[in-house]
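>>> Output the structure for:
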Amino acid sequence: MRTVIIDGYVDEPACFGVPPYISPYIRYIAGALRDRGISEEDIHYFTIDQLRKATADDVLALKSADLVVILSGMTVPGKYLRSSPITPGEIENICSLSTGLKVIGGPIRLGFSKEGGTAASELGIEAEDVVIAKQDIEAFVYDLFESGSLLDPEGIGHRLRTVDEIGKWSVLGAFIIEKHPEYPYVMCELETYRGCGRKVHCSFCTERFYGTSDFRPVSDVVDEVSSLYSAGAKYFRIGRQPDLFGFHAKDIGADILQPDPSVLESLYGGIRRVAPDLQVLHMDNANPATIAAYPEQGLEIMKTIVRHHTPGDIAALGMESADPAVVRANDLKAMPEDVMEVIRMFNEVGASRGSNGLPELLPGLNFVHGLPGETKKTFELNYDFLREVLDSGLLVRRINIRQVMAFPGTRVYGNDELVGKHKKLFLKYKEKVRKEIDLPMLRKVVPRGTILRDVMCEVHDESSKHELTFGRQFGTYPLLVGIPLTLPLWKFTDVVVVGHGQRSIKAIPYPLDINSAPLSVIREIPGITDLEASQIYSGVPYRSKNEVMEKASGVERLMDHMTV
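Have a look, this model is predicted:
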């Protein structure tokens, strides 16, 4: 039985799977196939980026497969450095090329939607050998082999997988990361639970379609990390959950469940025990309402995270709006004053700078526009909130501003007129935030002269008239680093920050090879004058740092920035 898994990438509010990330769904699908007796050799794995450059062998594997499983789905808008999610047209092309059974699933079952509030539309592929998994694709694939061979999909029910099943499949499917084209540089997204435990849900969110919170046992998550680590994984993010602070939270009869710090200690401590040499351990979502309601437990969990994680971590806070009217109209999670207090707490615990050059743990903020109750005043209130954060000296690592994406079953679906009502105002306000908030905030988070460790060089900018390499540190919401040199790709380098964009930084290698650097780059060394730069450049090549100091007197203070 030959099977092909195609990773078309996913991007949800509580799950990310665009390279270098690999989503848990891919590993669950591979594990489900292994659980049904399909050998690792008969499970072929391609990313959509690979298929865009397909070889003859790739095409043959696709054509001859008995089963092709296509994972995809974007329920939030995203911008990506070097990868792009699969398109409906590409799905159709793959389905027409393959003669076997095609199963399509993931968040795509909710529909396709474009940024700007366009209502999601169903995937319009109609063919006898194509089926869309209406619930969990990994469960559907597993059930296809109930009799030991491939069954007629018409007789297969659509269901959600169980926690016990993914506990097993996540371990069995860990091998698939070794087939990723960027292995070993893959960031493994980890799931602790999914589904929202709130009785009343946010008007736009798709997480509630997964039902109530379905917590995984801590031991299952730790076992999954152990299997991934044994397969060569070194980069992890605990990202697939709506609120990490709510993992195994207790129902004490209040509107918001009470966090249990001991569970997070067991989780992080267990991961560190089975993956002692991991390079990255980050998190994603945190509900500010949980922390505001239980500040003592929230503070303890923050300290646990900082004790066990790696620096540069971000807790993405789903604030959505600083307008109380919008909060009430859409049953959002927290009022602005609650979010402000939570930002202060994260700064108290995590603002100190870590070994990779970034603060240990900072909050991120998510804003959504186009919601019911929004007026022109909403934009003013959001901006004023961000200005207060900036002026108070607090640090925020990222500010995500987007317009709502409307999906069937949500309260905002079909309300396109409201979504587009303030389109021009939205674009003007967003640009104002980028210039007046993001830029000065980034200068505070990573000041000029900050040394960032282990930046992976990923792409060369072919459109630029000058040499330019883009890179990022591995982590959650990594900073985009522009380096004005052509550096080898897929290599790590240390850099020093020399400039700032609105959401990116300019940096040069640290230390800088003074004999090969152009004058324009030497001038970027923090603390150097144009005269000193010219004097140094005129003396290349050098055989030692002493020769550099002889050429430009008084530059001893800059020697740690140079190598000969």
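>>> use CA for all of it now, contacts and neighbours both
OK.
>>> and residue 531, how many neighbours?
Residues within reach of residue 531, counting by other Cα atoms under 10 Å, total 11.
>>> where does the stretch 1-150 of the chain dip in pLDDT?
111-127 (pLDDT under 70).
>>> And the strands in it?
With strands called from DSSP state E, counting those that start in this stretch, the stretch 1-150 of the chain shows them at 3-12, 15-16, 21-22, 43-47, 67-74, 101-105, 130-132.
>>> nearest to residue 174, of those strands?
strand 21-22 (10.9 Å; Cα to Cα).
>>> still on that earlier bit, columns mean neighbour count and distance to residue 464 on top of the strands of the stretch 1-150 of the chain, output as JSON lines?
Shown next, in JSON lines, are the strands of the stretch 1-150 of the chain (neighbours: other Cα atoms under 10 Å; distance: least, Cα to Cα, whole Å):
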{"stretch": "strand 3-12", "mean neighbour count": "24", "distance to residue 464": "28"}
{"stretch": "strand 15-16", "mean neighbour count": "26", "distance to residue 464": "29"}
{"stretch": "strand 21-22", "mean neighbour count": "24", "distance to residue 464": "27"}
{"stretch": "strand 43-47", "mean neighbour count": "21", "distance to residue 464": "28"}
{"stretch": "strand 67-74", "mean neighbour count": "26", "distance to residue 464": "30"}
{"stretch": "strand 101-105", "mean neighbour count": "22", "distance to residue 464": "38"}
{"stretch": "strand 130-132", "mean neighbour count": "19", "distance to residue 464": "42"}
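>>> if we compare those strands, which one ends up closest to residue 549?
Of all these, strand 21-22 comes closest under Cα to Cα, at 44.8 Å.
>>> Counting by contacts, list what that closest one packs against.
Where contact means 3 or more Cα pairs under 8 Å, 6 or more residues apart in numbering; DSSP states H and E, strand 21-22 is packed against strand 187-191.
>>> Need the residues that contact the strand it packs on.
15-17, 19-24, 221, 233-241, 474-475 (Cα atoms under 8 Å, 6 or more residues apart in numbering).
>>> Compile the strands of the stretch 1-150 of the chain into CSV and extend it with columns for distance to residue 451.
Formatted as CSV, the strands of the stretch 1-150 of the chain follow (distance: least, Cα to Cα, whole Å):
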stretch, distance to residue 451
strand 3-12, 31
strand 15-16, 28
strand 21-22, 25
strand 43-47, 34
strand 67-74, 35
strand 101-105, 43
strand 130-132, 48
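>>> Looking at these, spot the one closest to residue 199.
Taking the strands of the stretch 1-150 of the chain one by one with Cα to Cα, strand 3-12 is closest: 21.0 Å.
>>> all helices for the stretch 151-300 of the chain, in order.
For the stretch 151-300 of the chain, the helices defined by DSSP state H, counting those that start in this stretch occupy 163-172, 218-230, 261-274, 288-293, 295-308.
>>> Need the winner for burial among those helices.
Compared across the helices of the stretch 151-300 of the chain, helix 288-293 shows the largest average neighbour count, a mean of 23 (mean count of other Cα atoms under 10 Å).
>>> What is that one packed up against?
helix 295-308, strand 313-320, helix 336-350.
>>> what about 6 Å?
If you count contacts as 3 or more Cα pairs under 6 Å, 6 or more residues apart in numbering; DSSP states H and E, helix 288-293 packs onto no helix or strand.
>>> ok, residues contacting that helix?
298, 317, 333-334, 338-339 (Cα atoms under 6 Å, 6 or more residues apart in numbering).
>>> What is the neighbour count of residue 40?
16.
>>> er, residue 464 I mean
9.
>>> Tell me which helix or strand it sits in.
For residue 464, there is no host helix or strand (DSSP states H and E).
>>> confidence score at it?
Looking at residue 464, its pLDDT stands at 74.
>>> and the gap between it and residue 499?
Distance, residue 464 to residue 499, using Cα to Cα, to the nearest Å: 18 Å.
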